[in-house]
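> just coords:
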C-alpha cells in the first residue's frame, strides 16, 4: 500500500468534460494522508515517509497527481506546482493517459 496526500481542487474532467471538485492523490512532501487545497502550505519535514527525502531548493516542485472523476469515474493525471512551499496550481495533464480505459468505468 502506498502512502500519499490529497489535494481537493476544482478541475474539468478531460474524459466527460464536467467540472467538479476532485480528490487528487499525490506522493510528495511528508506523505501522511493530509488533505490540502490550493494555497495550502505543504509540509516537507516530519516523522514518516518523505518524498523527496529533503525539502527541494526554495520549496519549489512540479509533480504529478492522480484523480478520478466523481461523475464518470474515469481517471486522469494532474500536474501540481508548489512554490515556496505553497501549492499554487493544479492543472489536468492532457499529455498523459489514465489507467482506466474509456467506457469501463461503472457510471455512464
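That came through fine. Quick caveat: nothing in here was measured; it's all calculated off a predicted structure.

> buried ones in stretch 30-45?
Going by neighbour count (16 or more other Cβ atoms under 10 Å), the buried part of stretch 30-45 is 30-31, 36, 40, 42-44. All C-beta atoms are positioned from the backbone trio N, CA, C, and that covers glycine.

> now, which of those residues sits nearest residue 69?
residue 36 (19.4 Å; Cβ to Cβ).

> who does the closest one bridge with?
residue 7 (DSSP bridges).

> contacting residues around it?
Neighbouring residues of residue 36 by Cβ atoms under 8 Å, 6 or more residues apart in numbering: 5-8, 42, 87.

> show the buried residues in those.
Applying 16+ other Cβ under 10 Å to these flags 5-7, 42, 87 as buried.

> distance to residue 68 added to the contacts of residue 36, as CSV?
Shown next, in CSV, are those (distance: Cβ to Cβ, whole Å):
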residue, distance to residue 68
5, 16
6, 12
7, 13
8, 13
42, 22
87, 19
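
> just flag the most distant two among those.
The widest separation within these (Cβ to Cβ) is 14.0 Å, between 8 and 42.

> same list (the buried ones among the contacts of residue 36) but as CSV, adding distance to residue 97 and pLDDT.
Shown next, in CSV, are these (distance: Cβ to Cβ, whole Å; pLDDT from 0 to 100):
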residue, distance to residue 97, pLDDT
5, 23, 97
6, 22, 98
7, 20, 98
42, 27, 97
87, 24, 98
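
> any chance of CSV for the residues you listed, columns distance to residue 70?
Shown next, in CSV, are the buried ones among the contacts of residue 36 (distance: Cβ to Cβ, whole Å):
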residue, distance to residue 70
5, 19
6, 13
7, 14
42, 24
87, 20
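
> what about the protein, any weak spots by pLDDT?
Scanning the chain for pLDDT under 70 picks out 1, 102-108.

> apply 80 and report the result again.
Along the chain, the model assigns pLDDT under 80 to residues 1-2, 100-108.

> give me the beta-bridge partners of the most centrally placed residue in it?
The centre of the chain sits closest to residue 65, judged by Cα atoms, centre = their mean, with a distance of 3.0 Å. Taking DSSP bridges as the rule, residue 65 bridges to residue 26, residue 78.

> quick one on the thing from earlier: between the contacts of residue 36, which is nearest residue 71?
residue 8 (15.6 Å).
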